[in-house]
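[1] Below are the sequence and a predicted model; questions follow.
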Amino acid sequence: MAREGHKYIFVLGGVMSGVGKGVVTSSIGLLLQQKGYPVNLVKIDPYLNVDAGTMNPTEHGEVFVLTSGLETDQDMGNYERFLGRDLGNEDYMTSGMVYQAVIERERALGYGGKCVETIPHVRDEIIARIEKAADHNGSRMSVVEIGGTVGDFQNALYIDAARVLKMRYPDDVLFVMVSYLPTPGTLGEMKTKPTQTAVRELNSYGVQPDFLIARAPRPLDEKRKEKLAVSVNVRKEHIISAPDIDSIYEAPLNFERDKLGEAILESLRMPEKRKASLAAWAKFVKSATNDKAPEVKVAIVGKYFDTGDFVLSDAYLSVIEAIKFSAAKLGKRAKITWINSKDIEKDPKRVNDLARYDGIIVPGGFGETGIEGKLAAIRYAREHRIPYFGLCYGMQLMVIEYARNVLGLKGAHTTEIKKNADEPIVDVMLAQKKHLADNKYGGTMRLGAYPAYLKKGTIARAAYKAEMVQERHRHRYEINNAYVERLEAAGLVFSGTSPDKSLMEIAELEKSAHPFMLGTQFHPELQARPLAPHPLFTAFIEAAAARAKSERA
Ligand code: GLN
């Protein structure tokens with residue numbers, strides 16, 4: 001059971017998907033938190049996957065890993081970035097998880113011989129999970145985002161669960177609908193009808209929105225606001241215009257200006273403990289959107305580029321955000337260019353194009369596609385002293401490249417791709433062998449936060465200014481310890497290791513050999529926050545900015 005008086009704000013989408021429910025949810029969370037209320041943000045994904053770990057990033061976007069190791073949707077990344085803190089397993093739910101729990105309970109005779117039905121049993125499980133999320137972290141309010149759009153078959157059960165909560169706690173539950181107002185090119189006029197229809201659809205579930213966030217390319221004018229207010233039964237002051245913005249981080253500032261946080265608290269009959277202090281946030285936004293800041297050109301060499309441009313940013317979302325935060329901190333503007341490693345494979349000369357960038361990143365990835373192109377890019381970065389940052393796969397490949405071209409081990413490879421590699425520099429982790437043999441792919445990688453010890457006198461140690469750090473992982477393979485000594489003798493430094501020194505977590509070259517050549521077995525991007533940029537990303541951007549400056553000089 002949730003604590004007495006806990007508040008729930010449900011965020012639902014109308015008209016179409018992709019209009020920014022996640023940003024609205026995150027922004028409301030930030031505003032309430034800044035007004036003095038501990039908040040939990042909860043994401044509901046109505047699909048049947050038990051977690052997001054088995055999904056292809058070109059279809060679903062990046063898999064965001066929590067400290068606990070749970071593999072979740074990228075929205076959870078936005079929530080953490082806005083709130084500036086870690087979220088827990090309770091804060092994420094999929095239909096797969098919900099049904100799995102119900103079915104397992106049924107198999108264990110947990111329903112005492114009853115016929116187990118979607119309503120009430122599955123709905124009860126959903127309500128129990130929403131209440132459980134409310135109970136941790138000492139939060140007073142939960143902002144719960146229901147994935148999909150009103151009218152979907154898949155999310156109806158969740159809307160019904162929210163309705164039941166409203167019925168039980170009428171004073172403690174609010175509904176916020178994020179809707180879209182199109183302006184057809186032929187008319188040049190903003191239309192409210194689809195939103196009216198969406199609200200009516202929601203009404204048919206027995207739910208009335210208390211707030212309407214009106215997404216559109218331009219601000220909603222007074223006339224339409226009035227019209228909409230009357231037709232959808234939402235107070236005019238509760239219709240908030242949310243025109244397109246350059247940066248999602250502007251959203252909370254705009255909502256605060258439009259008094260959204262205040263109005264939500266007023267509707268919940270909660271005092272506004274203090275005005276939201278958003279000064280640091282505003283400063284970050286100003287720096288992040290400053291077009292005049294000196295440019296740093298970063299190339300991301302990867303392979304998840306197949307489904308059209310708009311997906312790029314989703315597959316590597318946290319990496320992009322981490323770059324932005326560090327650039328903003330340093331007063332720079334990062335210009336990111338996507339380079340498909342398959343193109344370098346097709347035409348090896350294209351690797352020379354990398355000369356024009358100030359820094360190169362090879363991000364995480366799986367499988368064989370584009371591997372040799374990535375290795376060529378890494379070699380180019382090393383030989384031409386271009387700052388290089390390898391994330392997970394990007395670190396494994398950096399070590400393979402070093403083994404092949406510096407140690408002279410031509411057969412160096414990862415057993416992920418070449419099972420019987422002559423020189424298995426990167427090999428499957430012992431604990432992983434059985435999972436793979438049993439076809440157990442879901443939730444079985446090395447996942448979540450693990451400690452790493454940082455060696456004195458290294459780039460990593462200087463960047464973190466700490467001896468021990470915690471970073472989040474998501475991989476099955478690791479550097480093969482049989483090669484560590486030889487690699488070190490050839491100049492590669494393993495600057496981060498597991499505390500017992502059995503796992504290599506960071507590899508780097510000495511500063512005298514290369515301005516910045518570093519790879520991490522973990523995913524540092526998952527812990528970068530707007531107001532707390534990640535130290536390794538900052539060190540990388542700093543090195544790239546130094547190159548940019550010397551090129552321009
Ligand atoms: N494919 C590699 C592994 O499983 C790297 C994974 C990653 O980059 N996240 O170890």
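    Sure, I can see it.
[2] so where is this structure shaky, pLDDT-wise?
    Counting by pLDDT under 70, the chain contains low-confidence residues at 1-3, 304-313, 552-553.
[3] For the residue of the chain positioned farthest from its centre, what are phi and psi?
    Among the C-alpha atoms of the chain, the one farthest from their average position, using C-alpha atoms, centre = their mean, is that of G113, at 42.0 Å. Taking degrees, to the nearest 10, you get phi 90, psi 0 for the backbone angles of G113.
[4] now do T369
    Recorded main-chain torsions at T369 are phi -60, psi 130, according to degrees, to the nearest 10.
[5] from memory L503 sits against H475, does it?
    No: using C-beta atoms under 8 Å as the test, L503 is too far from H475 to be in contact (10.5 Å). (Each C-beta comes from the backbone N, C-alpha and C, glycine too.)
[6] okay, and the common contacts of these two?
    Listed as contacting both L503 and H475 by C-beta atoms under 8 Å, 6 or more residues apart in numbering are Q521.
[7] higher neighbour count, those two?
    Of the pair L503 and H475, H475 is the one with more neighbours under other C-beta atoms under 10 Å, namely 22 against 19.
[8] where exactly do the helices run in the stretch 301-450 of the chain?
    Using DSSP state H, counting those that start in this stretch, the helices of the stretch 301-450 of the chain run over 309-315, 317-329, 341-346, 371-383, 393-405, 430-437.
[9] Pipe these into CSV and attach distance to the ligand and mean neighbour count per row.
    Output for those, formatted as CSV (distance: least, C-beta to the nearest ligand atom, whole Å; neighbours: other C-beta atoms under 10 Å):
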stretch, distance to the ligand, mean neighbour count
helix 309-315, 12, 16
helix 317-329, 11, 25
helix 341-346, 13, 18
helix 371-383, 10, 22
helix 393-405, 3, 25
helix 430-437, 8, 12
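[10] Out of the ones you listed, the one nearest Y169 is which?
    Proximity to Y169 (C-beta to C-beta) singles out helix 317-329 among the helices of the stretch 301-450 of the chain, at 34.6 Å.
[11] where along the stretch 101-250 of the chain do the strands fall?
    Ranges of strands in the stretch 101-250 of the chain, per DSSP state E, counting those that start in this stretch, are 141-146, 173-180, 211-216, 239-243.
[12] What of the stretch 401-550 of the chain?
    Counting by DSSP E, counting those that start in this stretch, the strands of the stretch 401-550 of the chain are 412-414, 423-428, 446-454, 468-475, 477-479, 492-497, 504-509, 517-520.
[13] just how off-centre is the second one within its chain?
    If I follow you right, that is strand 423-428. 29 Å (C-alpha atoms, centre = their mean, to the nearest Å).
[14] Who are the packing partners of that strand?
    Applying 3 or more C-beta pairs under 8 Å, 6 or more residues apart in numbering; DSSP states H and E, one finds that strand 423-428 contacts helix 393-405, strand 412-414, strand 477-479.
[15] Contacts for stretch 215-226 next, please.
    Residues outside stretch 215-226 that contact it (C-beta under 8 Å, 6+ apart) are 19-20, 178-183, 190, 192, 214, 228, 236, 239, 241-244.
[16] can you do 6 Å?
    Contacts made with stretch 215-226 from outside it, assessed by C-beta atoms under 6 Å, 6 or more residues apart in numbering, are listed as 19-20, 180-181, 190, 192, 214, 236, 239, 241-244.
[17] Kindly report the same for stretch 241-261.
    Applying C-beta under 6 Å, 6+ apart, the external contacts of stretch 241-261 come out as 23, 27, 30-31, 35, 213-220, 240, 276, 282, 285, 288-289.
[18] Can you verify my assumption that F540 contacts Y388?
    No: taking contacts as C-beta atoms under 6 Å, F540 lies outside contact range of Y388: 8.3 Å.
[19] For those two, indicate the residue with more neighbours.
    Comparing F540 with Y388 by other C-beta under 10 Å, the one with more neighbours is Y388, at 31 against 27.
[20] Quick check: phi and psi at P217.
    phi -60, psi -40.
[21] Sorry, wrong one. I was asking about Q100.
    Reported as degrees, to the nearest 10, the phi and psi values for Q100 are phi -60, psi -40.
[22] any idea how far the ligand is from it?
    The gap separating Q100 from the ligand is 25 Å, by C-beta to the nearest ligand atom, to the nearest Å.
[23] Tell me how far that residue lies from G148.
    To G148, Q100 is 20 Å away according to C-beta to C-beta, to the nearest Å.
[24] Quick check: residues of the stretch 401-550 of the chain near the ligand?
    If contacts are counted using C-beta under 6 Å from any ligand atom, the residues of the stretch 401-550 of the chain sitting beside the ligand are E416, R474, H475, R476, Y477.
[25] Unless I misread the structure, M270 falls within a helix.
    No: when DSSP: H, G, I helix; E, B strand; the rest coil is applied, M270 is found to be coil, with no helix at that position.
[26] and it, how many residues sit next to it?
    The local packing count at M270 equals 18, with neighbours defined by other C-beta under 10 Å.
[27] just G36 next, same as before
    Residues near G36, counting by other C-beta under 10 Å, number 16.
[28] Would you agree it is in contact with E272?
    No: the pair G36 and E272 fails to qualify as a contact (C-beta under 6 Å) at a distance of 7.8 Å.
[29] Surely D358 and K297 touch.
    Yes: between D358 and K297 a contact is recorded at 4.8 Å, counting by C-beta under 6 Å.
[30] give me the number of residues near D73?
    26.
[31] Spit out the contact partners of it.
    Contacts were defined as C-beta under 6 Å, 6+ apart; by that measure D73 touches K43, D45, A52.
[32] for the first one, which residues make a bridge with it?
    It stands for K43. With DSSP bridges applied, the residues forming beta bridges to K43 are Y92, E145.
[33] Just send the helices of the stretch 301-450 of the chain back as a markdown table, with distance to D152 too.
    Rendered in a markdown table, the data for these read as follows (distance: least, C-beta to C-beta, whole Å):
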| stretch | distance to D152 |
| --- | --- |
| helix 309-315 | 20 |
| helix 317-329 | 23 |
| helix 341-346 | 35 |
| helix 371-383 | 38 |
| helix 393-405 | 35 |
| helix 430-437 | 34 |
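[34] Relative to N137, which of the ones you listed is closest?
    Each of the helices of the stretch 301-450 of the chain has some distance to N137 by C-beta to C-beta; the shortest is helix 317-329, at 21.8 Å.
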